[in-house]
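Asker: have a look at this prediction, sequence included:
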Amino acid sequence: MRTSQYLLSTVKETPADAEVISHKLMLRAGLVRRLGSGMFSYLPTGVRVMRKVEDIVRQEMNKAGAIEVLLPMVQPAELWQESGRWDTMDAELLRFKDRHQRDYVLGPTHEEVITDLVRREITSYKQLPLSLYQIQTKFRDERRPRFGVMRAREFIMKDAYSFHLGQQSLQQTYDAMYNAYCNIFNRLGLDYRPVQADSGAIGGSVSHEFHVLAASGEDAIAFSDTSDYAANIEMAEALAPEGSRPAPQLSLSEIATPAANTVAEVAELLGVDTSTIAKTLLVLGEADDAGQQPLVALILRGDHELNELKAEKLSGVASPLQFASDEQVLAVCGAATGSVGPVGLTVNIIVDRAAAHMADFIVGANKDGYHLTGVNWDRDISQYQVADIRNIVAGDPSPCGFGQLVIKRGIEVGHIFQLGEKYSTALKAGVLNEEGKHQIMTMGCYGVGVSRIVAAAIEQNNDEYGIIWPDAIAPFQVALIPMNMHKSARIAEVAERLYQQLTAAGIEVLFDDRRERPGVMFADMELIGIPHSIVIGERNLDNQQVEYKNRRSGEKMLLDISNVVADIQLKTTC
RNA sequence: CGGUGAUUGGCGCAGCUUGGUAGCGCACUUGGUUUGGGUCCAAGGGGUCGCAGGUUCAAAUCCUGCAUCACCGACCA
């Protein structure tokens, strides 16, 4: 490609609305332009990168035995009513009507459509297992789109769905997909981790997320410092502290804590560490037969945070988790939220494992402006159950039994789920099994955020001059930069010749044939992040040489013109 | 959805307090100059100042409403 016949669209100044580095660089390097909130046009360079990512994903999907399809983005509401998600999904599902006033949705995901397709096409167990995938545009009406294409409303996703006669078959495909995902991210040249995850609203049980590690990531991931264990921070189990609980030393007494309502305020007032205080959170319990929701008290150590996901999974706790109102708190314990405590409380009490290990601790006195000190389990509070309801913190022992947890941030670029029969049951998608009986299929689903990968790769690979693409997804492999070609016939001749030779050898070259000064060319090629560049100048031409420079390492060397193609082939393949 | 802020040429911004001819840098066009790291000089084109209403002799500027966008949070996963 010649720059004179290309749309470079690089800009010097960063548009004001970009916050994260990938967004800034995607705008400056001419990869995307914003059309509206969370919607982006892809310029030629952006498309080239996206195609590279798609090709790798496509190859690995095919290798894993999945077959490519293409499903409509506009989907009739009936299917979503049939699965139940028409009612359960919130405004993230974009709904609209056609000219006949029929309801439609803009597909945020395709479980409904694929399950409908498969239930019509597949009738026998002999046709299973079956894996289908597509690479296509999705639309999710995010409440707050941000970080450029990283959390856009319209984005490109690879979504695959597998259909099985039973769990064992699903597990096999799930494992194959897991490996395919590892292959994908290895080939993309990204620093990533598979982590255990919650399956959330999509449904199902077993689930892994694939995260690209980056400080700007929206998700927190917990890793063991000595084993392979990695989990979404919401999923990581907080183990009970080692050893037995210390014996009570102090007797129960009441202390005035005027104007101290938070754990931090109480700790400061009393001159103690927040870890010696137990905080009591009142939430709604599960509705009983009469529709009443009794309150439930959740007790945590003062320095720990409630994990809402863990809490709402407990029986007796309402899901989604809902905190008690001020009136409800007052009615149950006779004090405002700042002074609630478990002593004498008549509701069900669920204690975090770490909090259950405390002795001689401090709690609210259920009396405004007072706390209790020297509180001890069993002696002062007899009825309670213990559960894991907190977020893990760095330094906690790893649930796998090896090492301590460290917390890093990641960008979720892939997510695989074992869906089970959630959608196949709702849509009555079954086959005749070996006994000739109708049997509901078991499903898995597997997503890769293609456009998000582009941004994530930039988050991980950039410097003060711009993007540094991994070779596998660079828009061009080589930048060919002639110095003042318009003034030197022999530079023009060498440049043209190298361009022809490299292109003929199947190498993607961006030949900067603009009549620009050298500095402009260098700056643009570095901003775009082309991994290898060749500078042709009078300086080295007398020796029949050109200069090579590596974008990532900064390594420079002289290449003989006669060997350029072979040398570049070596550098781009290894 | 709550909070904060923004909206002036393609991009980045000033002007608004104190109403009176719409400006700067980049980019673009033309000529010259320069040529191994975003040259320099000169000339030029391009803006109903987000929209609607109000106040005023006069509104980019003051008032009211609306829209759009971004950031923080919640939500989602």
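Answerer: Happy to help now that I have it. Numbers count the residues shown, from 1 in each chain, chains lettered A, B, ... in the order given.

Asker: for the rest of this, base every contact and every neighbour count on C-alpha atoms.
Answerer: Noted.

Asker: flag every residue of the stretch 51-200 of chain A that's near RNA strand B.
Answerer: A:92, A:142-148, A:199-200 (CA under 7 Å from any atom of the strand).

Asker: do the same with the stretch 301-450 of chain A
Answerer: residue A:320.

Asker: swap in 10 Å and give it another go.
Answerer: Applying CA under 10 Å from any atom of the strand, we find that the stretch 301-450 of chain A lies next to RNA strand B at A:308-309, A:319-322, A:411-417, A:447.

Asker: of the residues of the stretch 51-200 of chain A next to RNA strand B, which is the most crowded?
Answerer: Neighbour tally across those (other CA atoms under 10 Å): the maximum, 27 neighbours, falls on residue A:148.

Asker: what residues are up against that residue?
Answerer: A:18, A:20, A:22-23, A:38 (CA atoms under 8 Å, 6 or more residues apart in numbering).

Asker: could you rerun that using 10 Å?
Answerer: Residue A:148 makes contact with A:17-24, A:26-27, A:32-34, A:37-40, A:452, A:455 under the criterion CA atoms under 10 Å, 6 or more residues apart in numbering.

Asker: ok, the lengthiest strand in chain A: who's next to it in the sheet?
Answerer: For chain A, the longest strand by residue count, based on DSSP state E, is strand A:405-420. In the sheet, strand A:405-420 lines up against strand A:207-213 (antiparallel), strand A:219-224 (antiparallel), strand A:442-449 (antiparallel) (DSSP bridges).

Asker: quick one: contacts of the shortest one?
Answerer: Taking CA under 10 Å, 6+ apart as the criterion, the residues outside strand A:219-224 that touch it are A:193-197, A:211, A:213, A:229-237, A:392-412.

Asker: and it, how far from the chain's centre?
Answerer: 12 Å (CA atoms, centre = their mean, to the nearest Å).

Asker: how about that strand and RNA strand B, any contact?
Answerer: Yes - applying CA under 10 Å from any atom of the strand, one finds strand A:219-224 touching RNA strand B at A:219-220.

Asker: coming back round to it: okay if I get the strands paired with strand A:405-420 as JSON lines plus mean pLDDT?
Answerer: Below are the strands paired with strand A:405-420 laid out as JSON lines (pLDDT from 0 to 100):
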{"stretch": "strand A:207-213", "mean pLDDT": "91"}
{"stretch": "strand A:219-224", "mean pLDDT": "87"}
{"stretch": "strand A:442-449", "mean pLDDT": "95"}
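
Asker: with adjacent residues omitted, what lies nearest to the residue most central in space within chain A?
Answerer: The centre of chain A sits closest to residue A:412, judged by CA atoms, centre = their mean, with a distance of 1.6 Å. Counting by CA to CA, 6 or more residues apart in numbering, residue A:412 lies nearest to residue A:211, which is 4.5 Å off, once chain neighbours are set aside.

Asker: now do residue A:309
Answerer: residue A:234 (6.8 Å).

Asker: just the buried residues of the residues of the stretch 301-450 of chain A next to RNA strand B.
Answerer: Buried members of these, counted by 16 or more other CA atoms under 10 Å: A:308-309, A:319, A:321, A:411-417, A:447.

Asker: wait, doesn't residue A:434 sit right on residue A:126?
Answerer: Yes - if you go by CA atoms under 10 Å, residue A:434 and residue A:126 touch, sitting 8.5 Å apart.

Asker: report the buried residues of the helix or strand hosting residue A:46.
Answerer: Assignment of secondary structure by DSSP states H and E places residue A:46 within helix A:44-63. The neighbour-count check on helix A:44-63 (16+ other CA under 10 Å) flags A:44-54, A:56-58, A:60-62 as buried.

Asker: and of the buried ones among the residues of the stretch 301-450 of chain A next to RNA strand B, the nearest to residue A:245?
Answerer: For those, the closest approach to residue A:245 (CA to CA) belongs to residue A:308, at 25.7 Å.

Asker: confirm that residue A:455 sits in a strand.
Answerer: No - per DSSP: H, G, I helix; E, B strand; the rest coil, residue A:455 lies outside any strand segment and is helix.

Asker: need the longest helix for chain A.
Answerer: helix A:167-188 (DSSP state H).

Asker: counting contacts, what elements does that helix pack onto?
Answerer: helix A:44-63, strand A:130-139, strand A:154-164, strand A:192-196, strand A:207-213, strand A:405-420, strand A:442-449, helix A:450-460 (3 or more CA pairs under 10 Å, 6 or more residues apart in numbering; DSSP states H and E).

Asker: angle of it against strand A:192-196?
Answerer: Computed by axes from the mean of the first three to the mean of the last three CA atoms, to 10 degrees, the angle separating helix A:167-188 from strand A:192-196 equals 160 degrees.

Asker: now helix A:167-188: mean pLDDT?
Answerer: What helix A:167-188 shows for mean pLDDT is 96.

Asker: any idea how far RNA strand B is from residue A:471?
Answerer: Distance from residue A:471 to RNA strand B, counting by CA to the nearest atom of the strand, to the nearest Å: 19 Å.
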